[in-house]
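Q: Sequence and predicted structure, then a few things I'm wondering about:
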Amino acid sequence: MAFLKEVRFNWSRVEEEGSYPFNIPALRNMQSISMDRNVVFLVGENGTGKSTFLEALAKSCGFSTISGGRNHPLVDHRGDFSLADIITLSWLPKVEKGFFLRAESFFNFANYLDDLAEEYGGSVYLPYGGKSLLRQSHGESFLSLFNNSFFRKGIYLLDEPEAALSPQRQLAFLRIIWELESTGNAQFIIATHSPILLAYPNSIIYSFADEGIKQMTYQETEHYQLTRDFLNNPGLFLNKLLQ
């Protein structure tokens, strides 16, 4: 059962329509986006707004915009999260717990836990696998977080979680998603470039582009089509690319 049902945009609150992030082509004509599925994927080229949208969701949920949940006071002073000021989240039921993972700033969250452990002891690590995330490989630390922290009833917002995961570990992550969402205790909204993750069944895939946000099937995504065509004939692709 999805907790977050819909995201509505209140454009009347925007004072400067031509300013970032309100001028992002994929977003500027949207009135609402349905989120009524346990697993929702956001895809699109870099700069199309999917991460900006996900960060706005995180801020609206009260999560750390670097990485973390409601109880992690990490603030990103470099980002512009004003999109959160014009969106309204429709819940049924409302959940307070969850986590926002941004792959590029996850180091800051892991370092924050180490600082806490120095002050309060190693018990700080218990909800994250029992040891410092920085003393594991990047991929190991991600899976440790997923396996140990994503068991609570909540919403999990993930920005490119595949960045640290090998293909084999992406498959392991799909199993984690299935174990959590099939219980009805977790909803995932994931921005990704991974054709492996996008294959997850019964999900919604939203493609962000200059023309707007469009729902599509897995087979319609460029991620699937390009990967399929490349694997079917890598020599042809490389010959054209490297001529």
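A: Looks like it came in fine.

Q: partner residues bridging the most centrally placed residue in the chain?
A: With the centre of the chain defined as its mean C-alpha position, the nearest residue by C-alpha atoms, centre = their mean is residue 158, 2.2 Å away. Listed beta-bridge partners, residue 158: residue 101, residue 190 (assigned using DSSP bridges).

Q: tell me the contacts of residue 198?
A: Residues counted as contacts of residue 198 (C-beta atoms under 8 Å, 6 or more residues apart in numbering) are 41, 43, 192, 205, 218, 221, 223-224. The way it works is simple: take the backbone N, C-alpha and C, and place the C-beta from them, glycine included.

Q: got it, and residue 199?
A: For residue 199, the contact set (C-beta under 8 Å, 6+ apart) comprises 174, 218, 224.

Q: I'd like those as JSON lines, with pLDDT appended.
A: Below are the contacts of residue 199 laid out as JSON lines (pLDDT from 0 to 100):
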{"residue": "174", "pLDDT": "95"}
{"residue": "218", "pLDDT": "97"}
{"residue": "224", "pLDDT": "95"}
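
Q: Buried subset of the residues you listed, written for PyMOL?
A: Buried members of the contacts of residue 199, defined by 16 or more other C-beta atoms under 10 Å, are picked up in PyMOL with:
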select buried, resi 174+224
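
Q: tell me which element residue 231 is part of?
A: Secondary structure from DSSP states H and E places residue 231 in helix 222-232.

Q: Name the residues that touch the helix or strand just after that helix?
A: With elements assigned by DSSP H and E, the helix or strand that comes after helix 222-232 is helix 234-242. With C-beta under 8 Å, 6+ apart as the contact definition, helix 234-242 has outside contacts at 229-230.
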